[in-house]
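Trainee: Got a sequence here, can you model it:
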Amino acid sequence: MSTLHWPHWPKGLARDLSVPQTDLYANVEISAWRWPDKIFLIFYGATLTFAQFKRECEYLAGYLQRVCGVRKGDRVLLYLQNSPQFIITFYAILRAGGVVVPVNPMNRGEELKHLVLDSGARVAVAAQDLMVNVAPQLGAGLDHLVVVCYRDYLDGGGQAGDSGVNRAAAENEHRAPDFVCAPRRDDLPPGAIAWATALEAQYLASDRVTHVDDLCVMPYTSGTTGNPKGCMHTHRSVMHNAVAPLTWFGTPNDTVFLAALPLFHVTGMQGSMNGPLYLGASVVILARWDRTTALHAIERYRVNALSLIAAMVVDLLAHPELESFDLSSVQRINGGGAAMPEAVAARLYDLLGLHYVEGYGMTETIAPSHLNPPDRPKRQCLGIPFVGVDARVIDPTSLEELPQGETGEIIVHGPPVMQGYWNQPEATAQAFIEREGKRFLRTGDLGRVDEDGYFFMVDRLKRMINASGFKVWPAEVEALLYAHPAIHEACIIAAPDSIRGETVKAVVVLRPGWAGQVDEQAIIGWAREHMAAYKVPRQVSFVETLPKSGTGKVQWRLLQDQERERARAN
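Mentor: Take a look at the predicted model:
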């Protein structure tokens with residue numbers, strides 16, 4: 001295990017962390033006991049206290065147990081956008097003894113069918129605007145469906161008659177998306193029941209029988225190399241990565257978080273939901289990313305902690321009225337998913353006087369396995385191995401450990417690593433290797449370690465352009481292109497070349513007002529001045545937007561596939 005990074009460990013933080021050895025639901029009980037009247041959730045002006053949150057969790061858990069038959073270990077699909085109902089459902093499933101299967105709201109048809117059949121879930125909680133997608137699974141895997149109307153928590157809560165949710169949303173409702181403001185539907189299919197009706201029954205859940213090493217949540221991988229696989233995480237692994245970031249940043253319990261990242265994804269789940277609940281902090285929820293709404297929320301609720309991916313920061317900084325908002329409450333901003341371009345990080349620092357603290361993690365590690373020290377972050381850097389994590393770089397072919405400075409596959413061992421893939425023993429076996437008696441997860445990501453023990457991403461193992469024998473890592477070229485004043489976003493893909501085999505192509509979104517001001521040759525000429533010749537894009541395509549996943553990551557594989565189709569057609 002390398003100790004190069006130890007001199008740069010966050011000041012005052014122990015290298016080992018004592019994490020509560022309880023199930024995750026204990027955090028609901030403890031926070032409700034400590035701060036019953038403190039506001040936990042803020043949703044377009046409406047609020048929910050910790051005591052009210054616990055009560056609604058208990059009622060929904062009782063319904064899941066008594067009516068839906070949820071027992072210990074049963075998987076339950078959670079198919080919602082960010083909302084109070086998402087967080088209540090997450091913890092109600094745990095209270096009932098079940099395992100949460102969070103689903104990307106963008107999933108449709110066969111994608112959803114695969115999750116139902118693969119997980120073996122018989123019960124789902126879904127939003128009414130997504131009901132058309134999940135209803136066909138009733139009787140074809142699912143037996144029960146609880147249908148959520150987001151507006152319930154603007155109008156007064158999930159419980160008919162007796163809600164603790166404050167009706168303070170009227171002045172903000174115009175900023176809520178249309179699907180949040182939509183009235184409750186009554187055209188539910190057989191086997192479905194409205195959320196409000198389920199809670200109105202006020203069933204009480206039975207005694208908890210969940211153990212710290214029982215399964216807690218089973219998020220599915222993105223499926224970029226085949227059907228998505230369920231990552232099995234226990235209460236112990238989820239608790240570790242809910243608590244550890246709070247100690248890493250020295251976060252006080254009166255912090256106000258902005259939940260802008262999707263909660264179905266592990267980064268938002270841990271940083272904007274599980275961590276704040278454990279801490280007893282308040283969370284301002286955005287159902288969907290909107291930069292204007294985000295700026296208003298930061299100003300009005302004095303938000304202190306922002307978790308934003310690079311694409312969100314780019315969007316925020318491009319707001320035409322950015323400087324009119326009071327953002328002085330923000331004390332930290334962190335994220336991951338893709339390296340933050342140097343030019344964007346510099347603009348962010350000029351605006352807020354804060355460094356963007358980058359981290360790295362996977363669905364398989366339930367968020368971070370690496371994080372930059374807050375007092376000494378490096379730009380475009382994954383950070384150092386996180387609390388309790390042993391990370392190394394190996395040759396992806398020989399599996400031999402590589403010396404500092406050489407590029408290879410990153411492997412990780414530690415508390416946040418999953419148990420394996422659900423019902424996929426072969427895939428699980430392929431994902432892990434043994435070294436020195438430890439079980440390491442192969443990340444499939446290429447990286448290197450510098451002289452200070454910081455890890456740097458080079459690219460995905462299979463995302464490389466071989467141009468006349470020169471290896472081009474797209475992420476590096478993308479980061480360089482962001483320094484061009486006309487470029488808002490960029491994605492690098494491989495284009496077939498009769499001479500070089502492959503060549504570099506840039507798919508570019510221009511900043512407002514730059515259309516017609518620059519062309520392909522202007523971008524290529526600029527690139528020649530700012531990067532090695534073999535990295536320079538030989539082709540540039542201009543588009544209005546880049547395709548993105550539900551977590552905001554650019555879908556480079558989709559662009560790559562489209563490029564190959566064009567080449568075959570020609």
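Trainee: now do the same end-to-end measure for stretch 42-57.
Mentor: Chord length of stretch 42-57, first to last residue, is 17 Å (C-alpha to C-alpha, to the nearest Å).
Trainee: And for stretch 492-506?
Mentor: Taking C-alpha to C-alpha, stretch 492-506 runs 5 Å from one end to the other.
Trainee: Over to stretch 86-102?
Mentor: Distance between the boundary residues of stretch 86-102 (C-alpha to C-alpha) amounts to 9 Å.
Trainee: Spatially, what comes nearest to Ala32 if we skip its sequence neighbours?
Mentor: Lys54 (3.9 Å; C-beta to C-beta, 6 or more residues apart in numbering). All C-beta spots, glycine's among them, are computed from the backbone N, C-alpha and C.
Trainee: The one you found and Ile30 touch, don't they?
Mentor: No - in this structure, Lys54 is not within contact of Ile30 by C-beta atoms under 8 Å, at 10.0 Å.
Trainee: Just the strands from the stretch 351-500 of the chain, written as ranges.
Mentor: Assigned by DSSP state E, counting those that start in this stretch, the stretch 351-500 of the chain shows strands spanning 356-362, 367-371, 384-385, 390-394, 408-413, 420-421, 432-435, 438-449, 455-460, 465-467, 470-472, 487-497.
Trainee: In a helix, Ile42, correct?
Mentor: No - counting by DSSP: H, G, I helix; E, B strand; the rest coil, Ile42 is not found in a helix; it is strand.
Trainee: quick revisit: quick one, which of Lys54 and Ile30 is more surrounded?
Mentor: Comparing Lys54 with Ile30 by other C-beta atoms under 10 Å, the one with more neighbours is Lys54, at 22 against 17.
Trainee: quick one: secondary structure of that one?
Mentor: Applying three-state DSSP: Lys54 is helix.
Trainee: mind checking how far it is from Leu64?
Mentor: Lys54 is 16 Å from Leu64, where distance means C-beta to C-beta, to the nearest Å.
Trainee: what does Ala124 give?
Mentor: Ala124 sits at a distance of 11 Å from Leu64 (criterion: C-beta to C-beta).
Trainee: which neighbours do the two share?
Mentor: Counting by C-beta atoms under 8 Å, 6 or more residues apart in numbering, the common neighbours of Ala124 and Leu64 are Val76.
Trainee: Mind picking out the helix or strand in the protein with the poorest mean pLDDT?
Mentor: Least confident helix or strand of the chain, by mean pLDDT, DSSP states H and E, is strand 470-472 with a mean of 76.
Trainee: what packs against that one?
Mentor: In terms of contacts (3 or more C-beta pairs under 8 Å, 6 or more residues apart in numbering; DSSP states H and E), strand 470-472 is packed against strand 465-467.
Trainee: contacting residues around the strand it packs on?
Mentor: Strand 465-467 is contacted from outside by 471-474, 492, 494, 497, 500-504, 534, using C-beta under 8 Å, 6+ apart.
Trainee: Of the residues you listed, which is the nearest to His355?
Mentor: Lowest distance from His355 to the contacts of strand 465-467 (C-beta to C-beta) belongs to Trp473, with 23.9 Å.
Trainee: which residue packs closest to the closest one, ignoring adjacent ones?
Mentor: Using C-beta to C-beta, 6+ apart and skipping the chain neighbours, the partner closest in space to Trp473 is Asp459 (4.1 Å).
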